[in-house]
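>>> Model the following, please.
(one chain, ligands or ions: 1)
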Amino acid sequence: MLYDDDKPRKTGKRGTTEGATVGVGQSFTDRRAVRNIRTSVLVVGGGISGLHTAASLHKAGIDCHLVEARDRLGGRILSMSPPASLATEERNSLHAVDLGPSWFWPEQPHMASLIRELHLGELVFEQYSEGDTIVEYGSGRVQRGVSSASMAGSYRITGGMQALTNALAMSIDGHRVHVNAPLTQLACNDEGVEASIGDSATKQTVSSDFVVLALPPRVVDATVQFLPPLSEGHHEQFRSVSTWMAEHAKFVAIYKSPFWRGAGLSGDALSQRGPLTEIHDASPADGSFGALFGFVGIPAQQRSGLVTEMESLAVQQLGRLFGDSATKPIAVHYKDWAQDRFTATPVDSSSAKPRGLPEALADSPWNGRILFSGSETSRGRHHSNGYLEGAIESSMQSLQALKAALSQTRANRGV
Ligand SMILES: Cc1cc2nc3c(=O)[nH]c(=O)nc-3n(C[C@H](O)[C@H](O)[C@H](O)COP(=O)(O)OP(=O)(O)OC[C@H]3O[C@@H](n4cnc5c(N)ncnc54)[C@H](O)[C@@H]3O)c2cc1C
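Below you'll find the model as predicted:
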């Protein structure tokens, strides 16, 4: 059992701020405050991997700063508060729904340790899976009770996965975390690395001994210029690592109650007709409101720009599968990750499982000054690449390499 001392509960009581996305309740600087920073380690990317790296360095007393391109932290983790009309003292905004990752699994040791370290065990609950599953065939026939819920046994977190990144972010001094701060260039020499943040009009620089790139290798290739320039072989190595789920879009419909449960349905559905191919119950642990989410099956290029159409077709489909009540959501959310340049690149057309960082990049052409973290780059035993587990695992791997390199640097300097 994962949480011997801290069993999954049906409710949680942790506060989060109001608003569209769930915030961290601490303000971070934007790129104007990056000017003239000199630090030991620059962490690039404020997803779970980069935040884990920065929080661990901070805890170990190692001087570090983190830059994040977007105006928010979390990366592929994105949790949305329910609409204000649903908020009451008991049923408040901590019941967020996830537009990125929703689940983790009992056999993932790094997720288990992180949740314990962050004291979030009481927020963990099991994915709802009681009742029949629905299958919608290409012919339009809808069949009930075909198999059991596919995600039975997986875990979710009250407040959404952003509970994890919020807790990590809160453990780092706000002035060391910079949002709206995209890395655009890395110039590496024997002394260290100079990072350019922002485009030529707004450029600021950060000097550091080491840089940890905690973002998908394809996004590194698409957004960062290296000096001296990389060989074509290195560019190919970056592009060879596919970014897990980058081409996906997720749709969530929110209802006053999880009405399908009363009808003996788990909320799970598989569809050959679409637009949603796979649907699951995304309601909070206490079932105080209902939410269904689905992955969109229409390829990224075809659905590009069709947000209203996607939302409307998805609601119609939920009506076909779960009845009339499903056609009247209180709110819907739609996130197309394929259209987000800090997750997806033009080569991300399918979610092949990332295989870890290619050797040519791991044996850094930058004298060990640039290290890689992020879910896609893990070289662990647990085949966790692509998952949250892999993001933490890769952070731990880069931390180990970094600590050895920092000791070596200190020894070389005679300190
Ligand atoms: C729809 C969806 C569903 C998923 N479901 C699950 C699930 O149920 N369970 C699971 O385990 N995993 C799931 N995943 C995968 C999971 O989200 C990732 O493994 C994990 O979030 C990756 O974390 P990361 O920190 O490695 O990368 P990211 O979260 O991608 O973080 C990288 C960060 O770098 C930033 N960045 C990019 N370019 C720059 C730049 N030039 N300068 C500065 N910053 C930059 C980005 O904005 C981002 O914040 C899902 C992913 C998606 C999209």
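>>> how far out from the middle of the chain is stretch 313-330?
Centroid separation for stretch 313-330 versus its chain: 28 Å, with CA atoms, centre = their mean, to the nearest Å.
>>> no wait, stretch 217-234
The answer for stretch 217-234 is 23 Å, by CA atoms, centre = their mean.
>>> correct me, but residue 261 touches residue 267?
Yes: with contact defined as CB atoms under 8 Å, residue 261 reaches residue 267; the gap is 7.3 Å. The way it works is simple: take the backbone N, C-alpha and C, and place the C-beta from them, glycine included.
>>> Who has more neighbours out of those two?
residue 267 (27 against 17; other CB atoms under 10 Å).
>>> Name the nearest residue to that one, ignoring sequence neighbours.
residue 281 (3.0 Å; CB to CB, 6 or more residues apart in numbering).
>>> With residue 103 instead?
Excluding the flanking residues, the one nearest residue 103 by CB to CB, 6+ apart is residue 154, at 4.0 Å.
>>> looking at this, residue 212 is in a strand?
Yes: per DSSP: H, G, I helix; E, B strand; the rest coil, residue 212 lies within a strand segment.
>>> how close does it sit to residue 66?
For residue 212, the distance to residue 66 equals 9 Å [CB to CB, to the nearest Å].
>>> Mutual contacts of these two, please.
42, 43, 44, 50 (CB atoms under 8 Å, 6 or more residues apart in numbering).
>>> want to throw the residues you listed into TSV with secondary structure and pLDDT?
Below are these laid out as TSV (DSSP: H, G, I helix; E, B strand; the rest coil; pLDDT from 0 to 100):
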residue	secondary structure	pLDDT
42	strand	98
43	strand	98
44	strand	98
50	helix	98
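>>> Adding neighbour count and distance to the ligand, write those residues out as a markdown table.
Output for these, formatted as a markdown table (neighbours: other CB atoms under 10 Å; distance: CB to the nearest ligand atom, whole Å):
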| residue | neighbour count | distance to the ligand |
| --- | --- | --- |
| 42 | 28 | 10 |
| 43 | 35 | 9 |
| 44 | 29 | 5 |
| 50 | 29 | 6 |
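>>> ok, now which ones touch the residue nearest to residue 267?
Residue 281 touches 127, 128, 129, 258, 260, 261, 266, 267, 268, 290, 291, 292, counting by CB under 8 Å, 6+ apart.
>>> Contacts only, for residue 222.
By CB under 8 Å, 6+ apart, the neighbours of residue 222 are 341, 345.
>>> For it, which three-state class applies?
Assignment for residue 222 (three-state DSSP): helix.
>>> quick one: pLDDT of it?
Residue 222 carries a pLDDT value of 97.
>>> could you check the distance from it over to residue 239?
9 Å.
>>> Quick check: neighbours shared by those two?
residue 345.
>>> Could you pull up phi and psi at residue 239?
phi -70, psi -20 (degrees, to the nearest 10).
>>> can you count the residues close to it?
Residue 239: 16 neighbours (other CB under 10 Å).
>>> who's in contact with residue 385?
244, 353, 354, 355, 356, 375, 376, 377, 378 are the contacts of residue 385 under CB under 8 Å, 6+ apart.
>>> Please apply the same query to residue 30.
Residue 30 touches 71, 178, 179, 180, 181, counting by CB under 8 Å, 6+ apart.
>>> Helices - which of those residues land there?
Using DSSP state H, no member of these sits in helices.
>>> Which of the residues you listed are buried, as a ChimeraX select command?
The buried residues among the contacts of residue 30 can be selected in ChimeraX (16 or more other CB atoms under 10 Å) with this line:
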select :178,179,180,181
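>>> what about the nearest residue to residue 294 once chain neighbours are set aside, distance to the ligand?
Spatial nearest neighbour of residue 294, chain neighbours left out: residue 276 (3.0 Å); criterion: CB to CB, 6+ apart. In this view, residue 276 and the ligand are 13 Å apart by CB to the nearest ligand atom, to the nearest Å.
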